[in-house]
Each structure stands twice: as structure tokens, then as C-alpha cells.
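Undergrad: below is the sequence, then the predicted model.
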Amino acid sequence: MSAERLHKRLARAGIASRRAAEDLIRAGRVSVNGQTAGLGQSVTDADDVRVDGRLVELTRPEAVTYALYKPPGYVTTAQDEYGRRNVLNAMPDVPGLHPVGRLDKDSEGLLLLTNDGDLTLTLTHPRYGHEKAYRAWTEGRDAPTQAELDVLVRGIAMDDGPAQALSAAPTEDGAYVVLGEGRNRQVRRMLAAIGHPVGRLVRYRVGGLWLGDLNPGEYRQLGPQDLDQLLHPQKMPRAVWQAEWERTQDRWGTQYG
């Protein structure tokens, strides 16, 4: 009977992503055969694994993934100690459903939710480099110039390490910024670092999946083609990509330059 790491088993059962499963173990919420589990522990199919006292069924539920337009004011943590509005409150009751990464409370736009722990790892681990694209509206009298945004593409130092945009271009009242990672409030902090604090921020694309015409609070379930475009944007026909980009600019403002 083969053994596997506990956090992997929790992810395989659709409880949470591997990282979130590690957090559950650290918090003492996971038990194995009646004993509080430890980080790095291995288990087999014969072990009794529970989260918050509830038995973990090894049979993995059918994988399901949703695209949600997260409204501003909602948090993306699975549980919030302050009782704030949570994105899961707006979603169907699917066992193991969790947000893929985070979008800060004040920001809005495309947020993925899934019960597929492997998909979450693929989308959130920096080594896979899935793009995240944002439209920012900046405060102040003047919007950032292309020269200022080029500084972000070359890279800047931040308190949690160097940060670099894949691309950045100005609009009349802000900028479009594309990142290859998604650290906490990263776009906001990068634009503030060049003197242009953000008043509003919308994420309109993750990988090859676009926000499209979803409105705040609306969601849709992703099909196989959506997931393929999400993970393999390079496969999208150029005409389809261009059409999505034009629709984005029609909705959120024209990019300059």
C-alpha cells in the first residue's frame, strides 16, 4: 500500500490546494488516526484522515472550475475572521471549492475557483509563469507615461524582493499591466512606487482566459476548451486573441502606444 504526503492527499481529495492544505495542517485542523497531524507526514489509504473532525473521502470529486467577476469589497480567503463578505458565499456549494490565488479586497475582476488542487498548483506556482493582466486607474492629475511604466518592465525593488512587469502601457487615466506572478497587491505597490497610486484595479485575464462580458458577481463554469485556453494561451488563434483584446479595450479603455 503506497504512502503519500498528507498535503498531497488532501489536495487529491479536493479539500484544498497543496499550499492551503499545508496551512490546515499547521493550524492543527487535520488529524490522522485520531492524532493531530504534522507537516510532512505521510499517509496511506488505510489511514483515517479528518479535517475539523470530518472524514476525508479519498475518492476525488468531479473537478469543476468557475470564472467569477469578483466585486470589490469581497475577500478571497477561505475563512475570514472579521466576517467580511467572501467570494465563496456567491458560489455553488461544491465540496473543496477554493479560490485560485488571491485578489485583494479592494480589487475586482477575474477570479478562478476550483476544487482541483493540481490546477491550483499549476496556476499559482511561479515556475509556471501564467500571466495575470490588469487594468489600473491611477489617482492624481496625470496618468503614468510610457517612460515611467518602462521602469516597471525593467524591474524595481520592493520590500518582498524585486518585481518586474512583463508589459505595461498607459491609458488616458491609468495603465494596462501584465505580470508573470501574483504577489500580494503587487500591481498597486508597483504603480505606487513610481508615484501613481491606484484608485481602481480590474484583473481582466489569467493565462488565456479573459473576463469577457461577465459583470460583478456573475460567474460561469469553465469547459474543456476554456481550461485549455487558460493553461495554453499560445494555442489561441491570433485572431481570437486580438478580438478579446479589442473587446477588453472597448470595455475598459484604449491602450496608448
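TA: Perfect, I can see it now.

Undergrad: C-alpha from now on. contacts and neighbour counts both.
TA: Will do.

Undergrad: okay, now the unreliable bits of the chain?
TA: Along the chain, the parts satisfying pLDDT under 70 run over 1, 58-61, 78-83, 126, 257.

Undergrad: please enumerate the helices of it.
TA: 6-12, 18-26, 117-124, 146-154, 186-193, 224-231, 238-252 (DSSP state H).

Undergrad: of those helices, which stretch is the most buried?
TA: helix 6-12 (a mean of 25; mean count of other C-alpha atoms under 10 Å).

Undergrad: returning to what we had before: looking at the helices of the chain, spot the one closest to residue 169.
TA: helix 146-154 (6.0 Å; C-alpha to C-alpha).

Undergrad: can you show me the CA trace of that closest one as CSV?
TA: Output in CSV follows, covering the C-alpha atoms of helix 146-154 (Å, rounded to 0.1, in the frame of the first residue of the first chain):
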residue,chain,number,x,y,z
GLN,A,146,5.2,55.1,-21.1
ALA,A,147,8.7,56.1,-19.8
GLU,A,148,7.6,55.7,-16.2
LEU,A,149,5.9,52.3,-17.0
ASP,A,150,9.1,51.1,-18.7
VAL,A,151,10.7,51.3,-15.3
LEU,A,152,8.3,48.6,-14.2
VAL,A,153,9.2,46.4,-17.2
ARG,A,154,12.9,46.8,-16.4
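
Undergrad: can you list contacts of that helix?
TA: Contacts with helix 146-154, where a contact means C-alpha atoms under 8 Å, 6 or more residues apart in numbering, come from 163-170, 190, 194, 257.

Undergrad: if you set the cut-off to 6 Å instead, what comes out?
TA: With C-alpha atoms under 6 Å, 6 or more residues apart in numbering as the test, helix 146-154 has contacts from 164-168, 170.

Undergrad: buried residues in the longest strand seen in the chain, which are they?
TA: Scanning the chain for the longest strand, with DSSP state E as the assignment, gives strand 198-206. Buried residues in strand 198-206, defined by neighbour count with 16 or more other C-alpha atoms under 10 Å: 198, 200-206.

Undergrad: what's the angle from it to helix 117-124?
TA: Interaxial angle, strand 198-206 versus helix 117-124 (axes from the mean of the first three to the mean of the last three C-alpha atoms, to 10 degrees): 120 degrees.

Undergrad: report all helices and strands that strand 198-206 contacts.
TA: strand 108-114, strand 132-138 (3 or more C-alpha pairs under 6 Å, 6 or more residues apart in numbering; DSSP states H and E).

Undergrad: which ones are touching the residue most central in space within the chain?
TA: Computing the C-alpha centroid of the chain and ranking residues by C-alpha atoms, centre = their mean puts residue 101 first, at 3.3 Å. Residue 101 makes contact with no residue, according to C-alpha under 6 Å, 6+ apart.

Undergrad: thinking again about what came up before, closest to residue 74 among the contacts of helix 146-154?
TA: For the contacts of helix 146-154, the residue nearest residue 74 by C-alpha to C-alpha is residue 165; the value is 25.7 Å.

Undergrad: please report the distance of the closest residue to residue 40 other than its chain neighbours from residue 119.
TA: In this structure, residue 40 finds its nearest non-sequential neighbour in residue 5, 6.2 Å apart by C-alpha to C-alpha, 6 or more residues apart in numbering. Note on residue 5: its distance to residue 119, by C-alpha to C-alpha, to the nearest Å, is 18 Å.

Undergrad: go on, residue 98?
TA: 11 Å.

Undergrad: same question, residue 158
TA: Taken as C-alpha to C-alpha, the span from residue 158 to residue 119 is 29 Å.
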